[in-house]
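Engineer: Predicted model, plus sequence, below.
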Amino acid sequence: MSVAELKERHIAATATVNSLRERLKQRQQLLVDTDMAAYGRSQGRSAISFGSTDLVCCRTLQGHTGKVYSLDWTPERNRIVSASQDGRLIVWNALTSQKTHAIKLQCPWVVTCAFAPNGQSVACGGLNSACSIFNLNSQVDRDGNIPVSQILTGHKGYVYSCQYVPDQETRLITSSGDQTCILWDVTTGQRISVFGGEFPSGHTADVLSVSINSSNSNMFVSGSCDTTARLWDTRIASRAVRTYHGHQGDVNTVKFFPDGQRFGTGSNDSTCRLYDMRTGHQLQVYSQQHDGDDNDIPTVTSIAFSISGRLLFAGYSSGACYVWDTLLAEVVLNLGELQNSHEGCISCLDLSSDGSALCTGSWDKKLKIWAFGGQRRVI
Amino acid sequence: MDRRLMVVLSAAESADYSFADEYKGPPLPYDIPRAVPIDVDRIPLAAVAPASAGLPDLPVVHPLPSPSSSPLKKPPPPHATPAPPLPAASPTSVIENHAAMDRPGAEVSGALGSFGFPDRSTDLSEVVDSSGAIGFSDELGNGAAWSNEMMPNRLSTESALSSEFSFLSSASGDGDEDEAVALQAKKALLVTFQESGQSSCSMSPAVGVTPRARSEDLEMKTKKRACHRCLKGSRFTEKETCLACDAKYCSGCVLRAMGSMPEGRKCISCIGSPILESNRERLGRSSRVLKKLLSSREVQLVMKAEKDCEANQLRPEDVCVNGTKLSLEEMVLLQSCSCPPNLKPGLYWYDKVSGYWGKEGHKPDRIITPHLNVGGTLMQNASNGNTGILINGREITKVELQMLKWAGVHCAGNPHFWLNADGTYLEEGQKNVKGQIWEKPIMKLLCPVLSLPFPSKVANPSGEEVNNLFSRAVPDCFDTKALQKLLLVGHHESGTSTIFKQAKFLYSSVPFSEDEREDIKLMIQTSIYNYLAILLEGRERFEEESLDEQRDKQHLDSSGDVAFDKQNKVTEYSISPRLRAFSDWLLKIMASGNLEAIFPAATREYAPLVEELWKDSAIQATYSRRNELQSLPSYASYFLERVVDISRAEYEPSDMDILCADGINSSNGVTYADFPFPCLACVGSSIDDDDQQEALLRYQLIRVHTMGLGENCKWLGMFEDVRIVIFCVAVTDYDEYYEDANGMVRNKMIESRRIFEGIASHPTFEQMDFLLILSKIDLLEQKLDMAPLTLCDWFDDYNPVVSYHPDNKNRRGAQIGATKSQQAFHYIAVKFKRLFFSITGRKLYVAQANGLDGDSVDAALRYAKEIIKWEERLVCGIPESMYSTEPSSYSH
């Protein structure tokens, strides 16, 4: 078979796939007889209402000298690790708002950081294409720096996101600009499996974000510059379980819904979406009308769900941080307009594991912790 | 699913502590009020109240006789501006009612209760109360959330604040007291309003303040030297002081007032402001209060931040040495020398020869490291002496004269001495050493008697190493300032990696560490297999082609021969079955893409096979046709020629190999190298001042892979602190193509242009200087003959002036040739300049370089350095025209 013939076949096959995908989309749209918000309203639900003091900024963590790019909470003990443009990781005590560790990194261009489930070590990744692990209990050297305890090398592009597999200190998933995600064994520093890359049905652009299902840690979802999110099973590295289309821009962030059956995405197209894993449907789009020209559309940088899932916190590059009612797709609060809010793009946000506090990190070099105030209603 | 979404938030209840917790105490005997949104703009504090305006029965706080210059002075009567009518019931008042009930007889309760109502009693205390109440009504959320059992205590503290204040201000009589009160009042208000967000952490068990201790605090209320926040405590309670404004906080308030202490112990409102000089001694010295509140690690970090952060550093312009203000570099030099002076803002004199150091107009204070290149020249009247005796040109004081006498120096006739750092002295204009001042052991005892300094034991005989900054640790904040970052970026194979490696060879003492060399070795070995695979693929193609040819020929020769068997036919591209098996296996591995998983380990095993394969005539025949193999990079032949050598395990890459290797490391990550530019002038001539300053600067060359910058150069924002962007374009790219992810064939030059546009128009680099390096100029010459520049769409209007003068060509052929590639270079440069101008309206600098030629890279990078310097001077107001901008002075 000649090369030309092969190419022809390939083109034909691609066209078929695309038309099938289109048909699938149409079919799916036909099957949608209601949307979540309409159903919710028909059942007499109304959006959560928020007073401006219901969510208040109760801590400001200052100490970074550059933009904050990433943060992560420990599952317990309420500590936060944050990564910043100044090339430092800082571990904070969220209660006293004091630093407990400040780690100066070899490669100052750090993009992401994560806390190990046991709270004993932190991981970070960045433009050096490697993921570095620091054991917080290790002895500091003369300059007060914590030595790197493990470097995970093997990515061929920048590391954009890393997350520990819940309840497994030794497993870590990273996503990278080389279009792959990798599951690592942290103790040995070896790759366990590579998702995407050379294999078909992997991402076709930089993978910006991963989120691991907390109720079934074999499943994780990844969001990429190819405008799709993909669902993976760590036991099957060869192909993605499912691909979710819908966004019109880079998928900057993905996060599993607390019940593990859905996940949310946030994108450059300024929308957040909620996808259902079992049906493959897009359940809801969370988008706001933006006036002004196309260049000014704020991108969604980071999202988090409240413990119940009723609220979706989304940080935008405009400095806004909307709290969405996931059911009715309405903005119920904008943290950016509250007292003491950030003065720059909100780059990352996350909820503490008990759901009682939200931490946001911003380009104004600060992290803020928001907690439910006064008489908290049941959400 | 709807129901699922409604799951109740409940996890918080089981936690020891929580950010939010529901109140579970006994039922309250009053209605639960609602939290009221606070309109910051309408908080009465902000407006200056017209003293005359308003109702006659308004309380008039008579201005406290505080210094009128204080910018933080608050308008006294907040009532003068109409406060928003707040609903009567607010959570604050609940809590406060609660608090009031806990403290029976507290007169504040009435005042607080009346807060929400329109009728306001004319009581001074209430004025303060209302503002205080607003202050913490936004705090109430957290307060309620954090810990309910401790709430009464905490809030009574708050309400005590107001009562205390009223008490204080009414009690204040004499002027001295007034000022203190004014300050306290200011603090209290400040803290209440600005720090409200930082509330209540002290109540969490982690902080370690027990409720009991706090209630004890409440017992001992004293007016004087109280905590600036809660106005409690006496001079005997332990307090922490703000380094910037001297406000004192008791252990219960310090964390609220100071937050996360990014600059050490400062109130949140003082962050960023310089510390009081009287507090400089305390920098980095921990106090008991902090140690009690925080873990040792936390205290350590706070102290480190306090010492290292920029705002707390002595500003160099505040220190004058010998009549000259210090520069940052001199300052660092002074602070980091082996016997540093005790620096405070002020005027000093420094005797560079002997190391004497003192305040201007005073006797020497101490002896510091001599020969530091700091400040101006020593004046004769520096220490205001009147003895007529000069030491190193400075007239000494009487005390010093006394010392000299004791040391046995003959001082008759007002001699002029020349004193060296080691204590030897001579008379001016004479050669022979007259003696050693510090020789006598008694001097060590006598000097302190006269309160004169005695040299410390740290010997510093030579001034050689002293001025070298890099031999010792430099404070962090200076470090980042002195580092000039150059961002090197370019499309794949544009020569960025070669330039980067060349720079490492040029400027680093250890260009590549063992690990890096090992990495590069593996990279070369892996890529050699890549090249081999390309060759093998080519071989297969050639074999098929020649088989076809043979078949056609045979067909023509004997049209009857039907049983044509491919296997039996041998062409010059055929290889033995064993090698074929290896080749097939290799190609299969390449296709599946996990070459690296196998190869580094297997190199040793396959080296003989590779050798055999390479020596095979078929491969050699293919190699001779390498021009036809498109995907084989130009430098592949450099390695392929030595494939046998390289595929061995004991292969050590030479410097040249490293330069030629594709890439810098195997991970495509950002790579960077720090180096000082070695002075050009070091070769013998003297160094001028400018170079001296410059020697302190360090440069960091950062090389970024464009692949990793993402679609819209997403990550460029991380490099906003670079001084210049060096964009690299290989001029030979104009007729080269590559296939992108979607299978589209793209011209590499056009692709470079696209990336260049993306970076130049990126908001991060709005005011950034750009230097375009056109690389691979050396290859352009040959290429221009084969392929005209117009092959690239962008260059279709290229119309070089060609000299047809035959004589000229014969006589100086080489030179004419050079002009041809130079012409192309200028043309491309102008193309990019116009593009850049159309995007930014600014000027693009252009240089050329050849990665393998160290000198050209050196020249290009020095040019970048010069550009940074020019721009610095431009900012200082020196016109640009002073400097030649060759070779980039071609107009847009």
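Structural biologist: Thanks, I have the structure now. Residues are numbered from 1 along each chain as shown, chains lettered A, B, ... in the order given.
Engineer: Mind listing the residues bridging to residue B:674?
Structural biologist: Judged by DSSP bridges, the bridge partners of residue B:674 are residue B:700.
Engineer: Return the list of helices and strands in contact with the longest helix seen in chain B.
Structural biologist: Among the elements of chain B assigned as helix by DSSP state H, the one spanning the most residues is helix B:514-557. Counting contacts by 3 or more CB pairs under 8 Å, 6 or more residues apart in numbering or on different chains; DSSP states H and E, the secondary-structure elements packed against helix B:514-557 are helix B:577-592, helix B:595-615, helix B:617-624, helix B:636-640, helix B:643-646, helix B:655-660. Yep, even glycine has a C-beta here, placed from its N, CA and C like the rest.
Engineer: Reformat those helices as TSV; add distance to residue B:766, mean neighbour count and mean pLDDT.
Structural biologist: Formatted as TSV, those follow (distance: least, CB to CB, whole Å; neighbours: other CB atoms under 10 Å in any protein chain shown; pLDDT from 0 to 100):
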stretch	distance to residue B:766	mean neighbour count	mean pLDDT
helix B:577-592	44	14	77
helix B:595-615	40	16	69
helix B:617-624	50	17	81
helix B:636-640	41	18	78
helix B:643-646	46	19	78
helix B:655-660	35	17	84
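Engineer: so which of the ones you listed comes closest to residue B:783?
Structural biologist: For the helices and strands packed on helix B:514-557, distance to residue B:783 was read as CB to CB. The smallest value, 16.0 Å, belongs to helix B:636-640.
Engineer: ok, and what's touching that closest one?
Structural biologist: For helix B:636-640, the external contacting residues (CB atoms under 8 Å, 6 or more residues apart in numbering or on different chains) are B:524, B:527-528, B:531-532, B:534-535, B:614, B:623, B:626, B:646, B:657, B:660.
Engineer: Identify the bridge partners of residue A:367.
Structural biologist: Counting by DSSP bridges, the residues bridging with residue A:367 are residue A:61, residue A:361.
Engineer: contacting residues around it?
Structural biologist: Listed by CB under 8 Å, 6+ apart, the contact partners of residue A:367 are A:60-61, A:64, A:68, A:71, A:80, A:82, A:92, A:359-361.
Engineer: What distance do you get for it to residue A:253?
Structural biologist: Using CB to CB, to the nearest Å, one obtains 17 Å as the distance from residue A:367 to residue A:253.
Engineer: Between helix B:577-592 and the longest helix of chain B, find me the angle.
Structural biologist: Between the direction of helix B:514-557 and that of helix B:577-592, the angle (axes from the mean of the first three to the mean of the last three CA atoms, to 10 degrees) works out to 120 degrees.
Engineer: Quick check: mean pLDDT of helix B:514-557?
Structural biologist: When pLDDT is averaged over helix B:514-557, the result is 81.
Engineer: repeat for stretch B:298-306
Structural biologist: The predicted model assigns stretch B:298-306 a mean pLDDT of 84.
Engineer: The top helix by length along chain A: what's the following helix or strand?
Structural biologist: The single longest helix within chain A, with elements called by DSSP H, is helix A:3-31. Downstream of helix A:3-31, the next assigned helix or strand under DSSP states H and E is helix A:36-42.
Engineer: In terms of secondary structure, what does that next one contact?
Structural biologist: The helices and strands touching helix A:36-42, judged by 3+ CB pairs under 8 Å, 6+ apart, are strand A:282-286, helix B:2-5.
Engineer: Could you count how many residues lie near residue A:248?
Structural biologist: Residue neighbour count, defined by other CB atoms under 10 Å in any protein chain shown, stands at 11 for residue A:248.
Engineer: residue contacts, it?
Structural biologist: Applying CB under 8 Å, 6+ apart, we find residue A:248 in contact with A:227, A:267, A:269.
Engineer: I'd like these as CSV, with secondary structure, distance to residue B:669 and neighbour count appended.
Structural biologist: Formatted as CSV, the contacts of residue A:248 follow (DSSP: H, G, I helix; E, B strand; the rest coil; distance: CB to CB, whole Å; neighbours: other CB atoms under 10 Å in any protein chain shown):
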residue, secondary structure, distance to residue B:669, neighbour count
A:227, coil, 25, 20
A:267, strand, 26, 25
A:269, coil, 29, 20
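Engineer: I'd like those residues as CSV, with distance to residue A:195 and pLDDT appended.
Structural biologist: Formatted as CSV, the entries for these read as follows, by distance: CB to CB, whole Å; pLDDT from 0 to 100:
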residue, distance to residue A:195, pLDDT
A:227, 18, 89
A:267, 21, 92
A:269, 24, 89
